[in-house]
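1. Okay, here's the prediction I keep looking at, along with the sequence it came from:
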Amino acid sequence: MHIGNDRDRNRILLILFVGVLMGALDIAIVGPALPAIQSSFRVDDRALAWIFTIYVLFNLVSTPLMAKLSDVFGRRLIYVIDVTAFALGSLLVAISPTFAVLLVGRAAQGLGAGGIFPVASAVIGDTFPPERRGRALGLIGAVFGIAFLVGPVLAGAFLAILSWHWLFLVNLPIAMALVLASWRHLPATRPGQPRPLDWPGMITLGILLAALAYGINRVDTAHFAASLASAEVWPFLAIGIALLPVLIRLERAAIDPVVRLSLFRSRQVVLASILAIGAGLSEAAVVFVPSLLVAAFHVTSATASFMLMPAVLAMAIGSPLFGRMLDHFGSKVVVRIGTGLLALGMIAIGALPTTRALYYTIAILVGLGLSSLLGAPLRYVMLNEAPREDRAAAQGLLTIAISIGQLTGGALVGAVAASQGGGISGYRAAFLAVGLAMIILALMASGLKGRTEELATVQQHEAIGMR
């Protein structure tokens, strides 16, 4: 069902844009709010990590669920439900009397936000003609970059003038306006023959990741061997490991699996997925930078959020820069540069004396490194390696891999920071651990194809597609 009127299409695009921006901003602003939230509830660094981790977990599970439900019940209804769930979660976070209630609110936020982007993409596919879809999807995709640009500034302003609660309360009037506008203007479209939802695979993946995240979060890195034998660690790690072959068996049998296992026949797809996990791990680490800044420089949460700007601006500059480099040098060179910069930046945070001048230099390195891994190069690898009919599934796999990295990264940073006594020493140890992981990934990036091999693969797939 294509909307023929440009005015109606632009109105729909605006509704979708604001909804995705609302969800994306919540990831960008939570980092600056962490020190203030920690002070309010007096929780340790291990517990604090769950503010980020539980959001990512429910976001990951929600994405395929809401996309499929929109196929069955219509885009408009599910979009409205997603926005409403996000708003109710925001309210619960803001008024939460205990830390446990706050985590329930974050889970509701993640559940709602996880559906907003895929449903918005589906609405564009339903209502925009083919020649306009790319432009519309590009605008919606750019929202995440915009969120990372304005998020720290917005968080800093709110924290300087008001309390952290208002970072979440501000979502309520926006969500209310979105619900009214969506119900009035979004089409209630649905495909004629929706494919069955992979419930077993989705539930198994969710339990597997939740168990691993909890187990990792409870590890005491100061007494590593002893903590692995703890009842708070080994049963959860064992559940996660035991569910992996179960998930593989379920996905092989599923009609429309959450994870397309056939993609892993390509060594390049496997490498890109591992690198994407590393990208998510680094992104999760950056969320905790404001907590380190508050401890190291004795600044307010508002000032700490503004101190993220060098990294954010470096990301804004790095994304188009690495995109152009990709066309000239290929993904191998660009990814190796990105992982190398991230390794250097993370290790510098963990190993060198913390001064403001040094911090701003390190922030630029980290921002440039993240712009490489979170930008075009890994998606370029997936696009080249996946058969034409599996390209959408390959991009979905990359998103899942990044989310897995965010999930385990949040748990890991919390575990290492708490094990090393919290504060400056705890977070420096956590960033050092992430930096060591980036060194390993930089070495693994050497296995990616060079520019000549990539072009040959593209030509091969194009020849197959023309038959």
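-> That came through fine.
2. The closest residue to residue 252 other than its chain neighbours: neighbouring residues, count only.
-> Nearest non-adjacent residue to residue 252, counting by Cβ to Cβ, 6 or more residues apart in numbering: residue 261, 6.1 Å away. Where you see a C-beta, it was placed from the backbone N, CA and C, and this is true even at glycine. Neighbours of residue 261 under the rule other Cβ atoms under 10 Å: 13.
3. isn't residue 261 right up against residue 248?
-> Yes. Counting by Cβ atoms under 8 Å, residue 261 does reach residue 248; the two are 6.6 Å apart.
4. helices or strands next to the one helix or strand residue 281 maps to in the packing?
-> Using DSSP states H and E, residue 281 sits in helix 267-287. On a contact count with 3 or more Cβ pairs under 8 Å, 6 or more residues apart in numbering; DSSP states H and E, helix 267-287 meets helix 6-41, helix 50-73, helix 331-351, helix 356-374, helix 376-385, helix 391-419, helix 423-444.
5. where among the ones you listed is the average confidence lowest?
-> When these are compared on mean pLDDT, helix 376-385 scores lowest, with a mean of 76.
6. tell me how far stretch 10-20 is from the chain's mean position?
-> 21 Å (Cα atoms, centre = their mean, to the nearest Å).
7. Mind listing what's buried along that stretch?
-> 11, 12, 13, 15, 16, 17, 18, 19, 20 (16 or more other Cβ atoms under 10 Å).
8. do stretch 424-439 as well
-> By 16+ other Cβ under 10 Å, the buried positions in stretch 424-439 come out as 424, 426-435, 437-439.
9. just curious, which of those residues is nearest to residue 316?
-> When the buried residues of stretch 424-439 are ranked by distance to residue 316 (Cβ to Cβ), residue 438 comes first, at 21.2 Å.
10. who touches that closest one in this structure?
-> By Cβ atoms under 8 Å, 6 or more residues apart in numbering, the residues touching residue 438 are 278, 282, 339, 340, 342, 343, 346, 369.
11. can you put the residues you listed in CSV and add neighbour count and distance to residue 180?
-> CSV is the format used below for the contacts of residue 438 (neighbours: other Cβ atoms under 10 Å; distance: Cβ to Cβ, whole Å):
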residue, neighbour count, distance to residue 180
278, 29, 42
282, 29, 39
339, 26, 45
340, 19, 49
342, 31, 43
343, 24, 48
346, 28, 45
369, 29, 42
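12. Output those residues as JSON lines; include the columns distance to residue 204.
-> Below are the contacts of residue 438 laid out as JSON lines (distance: Cβ to Cβ, whole Å):
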{"residue": "278", "distance to residue 204": "24"}
{"residue": "282", "distance to residue 204": "27"}
{"residue": "339", "distance to residue 204": "30"}
{"residue": "340", "distance to residue 204": "36"}
{"residue": "342", "distance to residue 204": "31"}
{"residue": "343", "distance to residue 204": "33"}
{"residue": "346", "distance to residue 204": "32"}
{"residue": "369", "distance to residue 204": "33"}
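13. and of those, the nearest to residue 82?
-> Distances from residue 82 to these, taken by Cβ to Cβ, are shortest for residue 282, at 27.6 Å.
14. what's near enough to touch the closest one?
-> With contact taken as Cβ under 8 Å, 6+ apart, residue 282 is in contact with 342, 346, 366, 369, 370, 373, 405, 409, 434, 438.
15. What's the separation between the residue lying closest to the third one once chain neighbours are set aside and residue 39?
-> The one in question is residue 366. Computed as Cβ to Cβ, 6+ apart, the closest residue to residue 366 that is not its neighbour in sequence is residue 345, at 3.8 Å. Separation of residue 345 from residue 39 (Cβ to Cβ, to the nearest Å): 27 Å.
16. Next: residue 362.
-> 25 Å.
17. Tell me which of these two has more neighbours.
-> residue 362 (22 against 12).
18. For the residue nearest the centre of the chain, which non-adjacent residue is closest in space?
-> Geometric centre of the chain, nearest residue: residue 403, 4.9 Å, by Cα atoms, centre = their mean. Leaving aside its chain neighbours, residue 403 sits nearest to residue 60 (4.2 Å; criterion: Cβ to Cβ, 6+ apart).
19. And residue 418, by the same measure?
-> Distances taken as Cβ to Cβ, 6+ apart put residue 46 closest to residue 418, at 3.7 Å, once the chain neighbours are dropped.
20. ditto for residue 284
-> With sequence-adjacent residues excluded and distances taken as Cβ to Cβ, 6+ apart, residue 284 is closest to residue 409, at 3.0 Å.
21. And for residue 204?
-> Sequence neighbours aside, residue 247 is the residue nearest to residue 204 in space, at 4.8 Å (criterion: Cβ to Cβ, 6+ apart).
22. Residue 259 reaches residue 401, doesn't it?
-> No. With contact defined as Cβ under 8 Å, residue 259 does not reach residue 401; the gap is 9.7 Å.
23. Would you mind measuring from residue 256 to residue 416?
-> Going from residue 256 to residue 416 by Cβ to Cβ gives 38 Å.
24. ok, the two, which is more surrounded?
-> Using other Cβ under 10 Å as the criterion, residue 256 and residue 416 rank with residue 416 on top: 27 against 14.
25. surely the more buried one meets residue 435?
-> No. Shown here, residue 416 and residue 435 do not form a contact pair, counting by Cβ under 8 Å, at 11.7 Å.
26. joint contacts of the two?
-> Joint contacts of residue 416 and residue 435 (Cβ under 8 Å, 6+ apart) do not exist.
27. Heading C-terminal from the host helix or strand of residue 140, find the next helix or strand.
-> Assigned by DSSP H and E, residue 140 belongs to helix 130-141. Later in the chain than helix 130-141, the nearest helix or strand by DSSP H and E is helix 143-161.
28. for that next one, packing partners?
-> Applying 3+ Cβ pairs under 8 Å, 6+ apart, we find helix 143-161 packed against helix 6-41, helix 166-169, helix 301-306, helix 309-329.
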